[in-house]
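> build me a structure from this.
(2 chains, ligands or ions: 1)
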Amino acid sequence: MTHLNLLFEVQALYTECAAALDEGEFERWLGYFASECSYSIHTKENIDRGWPIALMSCTNRGMLIDRVAAVLKSSFIIARVQRRIVSGVRLREGPEFPLRTQASFAVFETFTGEPSTLFVVGRFDDVVCREDGVLKFAQRRCVLDSSIVPNSLPYPL
Amino acid sequence: MHKLVTWPSEGLTRVPHSVYADPAIYEQEQIRIFRGRSWNFVGLLAEVPRPGDFVRAYVGETPVIVARESESQVNVLVNRCPHKGVQLCQEWAGHTKTFACPYHQWSFDLNGSLRGLPFRRGVDGAGGFSAEFDCGSHGLDRLHVTTHNGAIFASFSADTPDFARYLGPANLMYFERVFDGRPLRVLGKMRHRVATNWKTLVENFKDPYHATLLHVFFATFGIWRAGQRTEVRIDESGGSSTLVQQSPVVLQKARADEIRSDIADQMKVFRQDFLSLAEPSILKVLREFPEDEDTVTMQTLWPNCAVHQNLNSLGVRLALPRGPHMIEIHWTFFGYETDTPEMTERRLLHANFFGPAGLVTGDDIEIWQLNQRGVATTPSGVARLEAGGSGTEDADFVITETAVRAFYKHYRKIMEL
Ligand SMILES: [Fe+2]
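So this is what the prediction gives:
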């Protein structure tokens, strides 16, 4: 029963995190990360080849804050609505902390006057810890299935 | 042949929009430029270190296989079975002795020769291929190859000038700053597909004018650009050029008064209230290339290739045409075998400025798309290139489009437009 509660709690973290980005609330999104954390977006191609490059790589919280500041204040981005579908949240290691968790994601994009399109599909490969009684991401790695991204990737996933 | 477009009488300072949108011009570009006398970057030797290693790449639209046949021999083969036209190889990379077509199992050596032909003599003496069928004339199409300090280039033409002459002395010097002969270490690939014309990217890479105005990241975080020392070095043909700039200078808030207000007033994006980076160490640059006097370079190699050396990031990118209105951009990031772990860490961190999620290139990607929407819907329109005069000579100032004019000078010659 505890295990189910924990899974439910992890699921809620994933859902809230996705909703914050969909709603453009990046400051709130930052709140789902631990004080010591990392965030990166990779492609399966690079992972399979053993190449370390990431499309986005924040190795600490400060860099994540700067990325959000850049999105909000210093980047030219064509306006769009994004919708994240997160599914199949699972505990790979736990219930002892830190947890290793995974989920699949699909992100759809809608530009003004255009029909919605599928943007990217992939897998979250995460480490979750408990900080001040609340679950937070200590590490989030997004791995894209395709090696090719449509246009640009201005927002975190 | 009648001209595909009448170039405006102003000449070098005008580019007709139809060159970005007309399918007939696009078709001629494939023939005259990408299948003509051009050196096309197809990969690094470090991607195919052992005999038998191969990677997939493109020359313009044409899919190719880059195969290491031996220690000294790298072949570039069209990824198409000569029997029926089936694509042979689907994976990005691998290791093999032969490429076999999945359809009828014709198989080819690493140099493209036809080696295996199942049922060559038919079955029970009936059918099959005649004794005259010459395996030697049914191999994979093979391109001309040149390598320069670890970079591999391919050409469909036998009389493309040798690589040094192709780039010209100034560009070669900057190319060899990065490709100096040290063995390279691949750090990875980024690829994206953008709804624009391939020349729009090349123009963007050659344009120092926009950087101060579009790339708000620098101004927002107090990294000054407009006053940066800039040099534009253009080869004799006009096709290749190098943009050399002083490394981004980080200004402290206390030094904001040093910024000339006559420059700041021109920049809509300029803010006196600089944000400070929560993690300013991202801008820490380890010194390399001792002779470089702290300059960064952006080299564009005719036709569609660029090499960047900026902060500690090194990379090659290609703007691969996919029809008049679409491109794929393929980036290869690398360092040197001899890099320290600290240097590799810098190179990986500084990749944050580049690629589809780049803190700087992200802005450009959006502009390229909007640019295409404009030119494609008004084919009779013209672009105006009058910044920094009307010529195609070298420059030592920021607000200039000289390298873009030079590119079109060469483009018109090759395209006979
Ligand atoms: Fe730019």
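> going along the chain, name the helices of the stretch 51-200 of chain B.
B:163-167, B:169-178, B:198-205 (DSSP state H, counting those that start in this stretch).
> tell me which of the ones you listed sits nearest to residue B:33.
helix B:198-205 (9.7 Å; C-beta to C-beta). No exception for glycine: its C-beta is placed from N, CA and C like everyone else's.
> and the average pLDDT for the closest one is what?
In this model, helix B:198-205 has an average pLDDT of 97.
> what residues are up against residue 45?
Defaulting to chain A. Applying C-beta atoms under 8 Å, 6 or more residues apart in numbering or on different chains to residue A:45 gives the contacts A:147, B:92, B:189, B:191.
> you answered for a different chain; I wanted chain B.
Residue B:45 makes contact with B:68, B:74, B:147, B:150-152, B:184, according to C-beta under 8 Å, 6+ apart.
> what is the longest helix of chain B by residue count?
In chain B, ranked by residue count with DSSP state H as the criterion, the top helix is helix B:361-377.
> quick check: residues of chain A near chain B?
When proximity is defined as C-beta under 8 Å from any C-beta of the partner chain, chain A approaches chain B at A:41, A:43, A:45-46, A:49, A:51-63, A:65-67, A:69-70, A:73-78, A:147-154.
> can you flag which of those belong to strands?
A:41, A:43, A:56-58, A:148-150 (DSSP state E).
> out of these, which is nearest to residue B:140?
Nearest member of these to residue B:140, counting by C-beta to C-beta, is residue A:148, at 25.1 Å.
> show me what that closest one is bridged to.
residue B:191 (DSSP bridges).
> quick revisit: and the helices of the stretch 51-200 of chain B: which comes nearest chain A?
Taking C-beta to the nearest C-beta, helix B:198-205 is the member of the helices of the stretch 51-200 of chain B nearest to chain A, at 12.8 Å.
> how about low-confidence regions in chain A?
Along chain A, the model assigns pLDDT under 70 to residues A:1-2.
> ok, back up a step: highest mean neighbour count out of the helices of the stretch 51-200 of chain B?
Highest mean neighbour count among the helices of the stretch 51-200 of chain B (mean count of other C-beta atoms under 10 Å in any protein chain shown): helix B:198-205, with a mean of 24.
> now do that one: distance to the chain's middle.
Its chain's C-alpha centre and that of helix B:198-205 lie 10 Å apart, by C-alpha atoms, centre = their mean, to the nearest Å.
> then stretch B:38-54?
15 Å.
> where along chain A do the helices fall?
For chain A, the helices defined by DSSP H occupy A:2-22, A:26-30, A:44-49, A:61-69.
> which one of the ones you listed has the most crowded surroundings?
By mean count of other C-beta under 10 Å, the helices of chain A have helix A:61-69 as the most buried, with a mean of 20.
> and it, what other elements does it pack with?
The contact analysis (3 or more C-beta pairs under 8 Å, 6 or more residues apart in numbering or on different chains; DSSP states H and E) places helix A:61-69 against helix A:26-30, strand A:33-43, strand A:56-58.
> distance to residue B:376 added to the ones you listed, as a markdown table?
Formatted as a markdown table, those follow (distance: least, C-beta to C-beta, whole Å):
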| stretch | distance to residue B:376 |
| --- | --- |
| helix A:26-30 | 33 |
| strand A:33-43 | 29 |
| strand A:56-58 | 30 |
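> out of those, which is closest to residue B:133?
Short answer: strand A:33-43, nearest of these by C-beta to C-beta, at 43.5 Å.
> quick one, the closest one and helix A:2-22 angle?
Strand A:33-43 and helix A:2-22 are oriented at 70 degrees to each other (axes from the mean of the first three to the mean of the last three C-alpha atoms, to 10 degrees).
> just the buried residues from the residues of chain A next to chain B, in PyMOL please.
Here is the PyMOL selection string for the buried members of the residues of chain A next to chain B, based on 16 or more other C-beta atoms under 10 Å in any protein chain shown:
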select buried, chain A and resi 41+43+45+46+49+51+52+53+54+55+56+57+58+59+60+61+63+65+66+67+69+70+74+75+76+147+148+149+150+151+152+153+154
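> ok, residue 118 - contacts?
Assuming you mean chain A. Counting by C-beta under 8 Å, 6+ apart, residue A:118 touches A:106-108.
> my question was about chain B, not that one.
Residue B:118 touches B:104-106, counting by C-beta under 8 Å, 6+ apart.
> hang on, the earlier thing: switch the helices of the stretch 51-200 of chain B over to TSV; also include distance to chain A.
As requested, these are arranged in TSV below (distance: least, C-beta to the nearest C-beta, whole Å):
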stretch	distance to chain A
helix B:163-167	26
helix B:169-178	17
helix B:198-205	13
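> output the lowest mean pLDDT helix or strand found in chain B.
strand B:249-250 (a mean of 46; mean pLDDT, DSSP states H and E).
> can you list the residues of the stretch 51-200 of chain B near chain A?
When proximity is defined as C-beta under 8 Å from any C-beta, the stretch 51-200 of chain B approaches chain A at B:92-93, B:186-195.
> among the residues you listed, who's most crowded?
residue B:190 (28 neighbours; other C-beta atoms under 10 Å in any protein chain shown).
> neighbours around residue 146, how many?
All of this refers to chain A. 14.
> could you do chain B instead?
16.
> mind listing what it touches?
Counted by C-beta under 8 Å, 6+ apart, residue B:146 has contacts B:39, B:152-153, B:155, B:162-163.
> apply 7 Å and report the result again.
B:39, B:153, B:163 (C-beta atoms under 7 Å, 6 or more residues apart in numbering or on different chains).
> redo those as CSV? Include pLDDT.
Shown next, in CSV, are the contacts of residue B:146 (pLDDT from 0 to 100):
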residue, pLDDT
B:39, 98
B:153, 98
B:163, 97
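> now do the closest residue to residue B:323 other than its chain neighbours, the pLDDT please.
Leaving aside its chain neighbours, residue B:323 sits nearest to residue B:26 (6.9 Å; criterion: C-beta to C-beta, 6 or more residues apart in numbering or on different chains). On pLDDT, residue B:26 comes in at 98.
> returning to that earlier point: compare the contacts of residue A:118 and tell me which is most surrounded.
residue A:107 leads those on contacts (other C-beta under 10 Å) with 22 neighbours.
> correct me, but it touches residue A:86?
No: judged on C-beta atoms under 7 Å, residue A:107 makes no contact with residue A:86 at a distance of 9.5 Å.
> since we're on the nearest residue to residue B:393 once chain neighbours are set aside, how many residues are nearby?
The shortest distance from residue B:393 to any non-neighbouring residue, by C-beta to C-beta, 6+ apart, is to residue B:402 (6.5 Å). By other C-beta under 10 Å, 27 other residues sit near residue B:402.
> contacts only, for residue B:402.
Counting by C-beta under 7 Å, 6+ apart, residue B:402 has contacts B:232, B:234, B:388, B:391-393, B:395.
> residue B:54 now?
With contact set as C-beta under 7 Å, 6+ apart, residue B:54 has these partners: B:48, B:65-67, B:93-94, B:96.
> next: residue B:300.
B:202, B:205-206, B:240-241, B:306.
> okay, the angle between the longest helix of chain B and helix B:198-205?
Counting by the same axes, to 10 degrees, helix B:361-377 lies at 140 degrees to helix B:198-205.
> got a list of contacts for helix B:361-377?
For helix B:361-377, the surrounding residues in contact (C-beta under 7 Å, 6+ apart) are A:75-78, A:151-152, A:154, B:17, B:20-21, B:194-197, B:200-201, B:204, B:214-215, B:325, B:354-356, B:381.
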